[in-house]
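Enquirer: Return a 3D structure for these sequence lines:
(one chain, ligands or ions: 1)
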Amino acid sequence: MKEYDFYIVPTPIGNLGDITNRAIDVLKMVDIIACEDMRVTQKLLNHFDIKTKCVSYHKFNEKERINLFLNFINEGKRIALVSDAGTPLICDPGAVIVQELRKHNISVTALPGANAAVTLLSQISRKDEEFVFVGFLPKTQAQIENILNNYRYSDIVFYESPNRLMKTLEIIRELRPDCKVAVGRELTKIFEEVLQGNVNDVISHFRKNVLKGEIVGFISRDENFVNVDVKEKIKILKNKNFKAKEISIILSELYNLNKNEIYKQILET
Ligand code: SAM
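Expert: Take a look at the predicted model:
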């Protein structure tokens, strides 16, 4: 097997069995494990009888840690980086470290493994392949609206806290009342729950049931949305001497788009 200086190693998102043999081999083989929270990682290491020394890092000291890691690597030591759960760098710290190590031509590799978004996506009904992962959803209605508008053509996957999920679903319902959503709660754990349906039904379900644990959310693409090159259509209609107001009416009627948004684009085109 090819050897690297720095390994990104995914860890389970709940069920301790969800770690690969190779991940365990790498965690045993390296000289140092860089972990977000020593206590969390130590539980995993104890479970698999891994005795490797740990060094902590987190999103506020990533820059400082780089020199330490570079020194270790110069001494011929190999390092594995893990986060508390799932795939590092995916809504988890580590990106700054990887970027800097690559600048220093350090050999970096990543192992495949557990990830909450993919675990939900790979078990629900979907019509199309395309999806957008937006990480943790922003909080305000305007910000969520922005995301729904920007990615109307695509399924959207997001992380959310259990305290905010109801509010978020209500905002989604207000913006897109017919929308289909899915929620994955406590994936891979004993109280795992996956629910998919109309946003209204999913809200009703969670009104009746206590909402605890970790959550991944999914919003189906807007089926009324026609993926069309609006700028191109604007150009064609402008060349035919249609007025801005006429163009915005025609395109909004034809493609079910927001008239004002089109108008704005006409002025920019
Ligand atoms: N790096 C992780 C990954 O690869 O999925 C994500 C880390 S992020 C800090 C933690 C968020 O991921 C949680 O707040 C939740 O939204 C989601 N998550 C993690 N584990 C989960 C699980 N077992 N079930 C549902 N969502 C989970």
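Enquirer: Go ahead and name everything in contact with stretch 219-229.
Expert: 126-128, 130, 148, 151-156, 158, 172, 176, 179-181, 254-256 (Cβ atoms under 8 Å, 6 or more residues apart in numbering). C-beta here means a position set from N, CA and C on the backbone, and glycine is covered the same way.
Enquirer: Now find how far off-centre that stretch is within its chain.
Expert: 20 Å (Cα atoms, centre = their mean, to the nearest Å).
Enquirer: got the buried residues for that stretch?
Expert: Using 16 or more other Cβ atoms under 10 Å as the test for burial, stretch 219-229 gives I219, S220, R221, D222, F225.
Enquirer: quick one on the thing from earlier: could you tell me which of the contacts of stretch 219-229 count as buried?
Expert: 126, 148, 151-152, 154-156, 158, 172, 176, 179-181.
Enquirer: Can you lay out those residues as JSON lines showing distance to the ligand, pLDDT and secondary structure?
Expert: Listed next are the buried ones among the contacts of stretch 219-229 as JSON lines, based on distance: Cβ to the nearest ligand atom, whole Å; pLDDT from 0 to 100; DSSP: H, G, I helix; E, B strand; the rest coil:
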{"residue": "R126", "distance to the ligand": "18", "pLDDT": "95", "secondary structure": "coil"}
{"residue": "L148", "distance to the ligand": "19", "pLDDT": "93", "secondary structure": "helix"}
{"residue": "Y151", "distance to the ligand": "18", "pLDDT": "93", "secondary structure": "coil"}
{"residue": "R152", "distance to the ligand": "23", "pLDDT": "88", "secondary structure": "coil"}
{"residue": "S154", "distance to the ligand": "19", "pLDDT": "93", "secondary structure": "coil"}
{"residue": "D155", "distance to the ligand": "17", "pLDDT": "96", "secondary structure": "strand"}
{"residue": "I156", "distance to the ligand": "14", "pLDDT": "98", "secondary structure": "strand"}
{"residue": "F158", "distance to the ligand": "8", "pLDDT": "98", "secondary structure": "strand"}
{"residue": "I172", "distance to the ligand": "16", "pLDDT": "95", "secondary structure": "helix"}
{"residue": "R176", "distance to the ligand": "21", "pLDDT": "93", "secondary structure": "coil"}
{"residue": "C179", "distance to the ligand": "20", "pLDDT": "93", "secondary structure": "coil"}
{"residue": "K180", "distance to the ligand": "19", "pLDDT": "96", "secondary structure": "strand"}
{"residue": "V181", "distance to the ligand": "15", "pLDDT": "98", "secondary structure": "strand"}
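Enquirer: Tell me the one of these nearest A116?
Expert: Nearest to A116 among the buried ones among the contacts of stretch 219-229: F158, at 10.5 Å, using Cβ to Cβ.
Enquirer: Helices along this protein, start to end?
Expert: Here the chain has its helices, by DSSP state H, at 21-29, 38-47, 62-74, 95-103, 116-121, 141-150, 162-175, 199-208, 230-239, 244-255, 259-268.
Enquirer: Would you mind finding the most buried of the ones you listed?
Expert: Most buried of the helices of the chain, by mean neighbour count (mean count of other Cβ atoms under 10 Å): helix 116-121, with a mean of 20.
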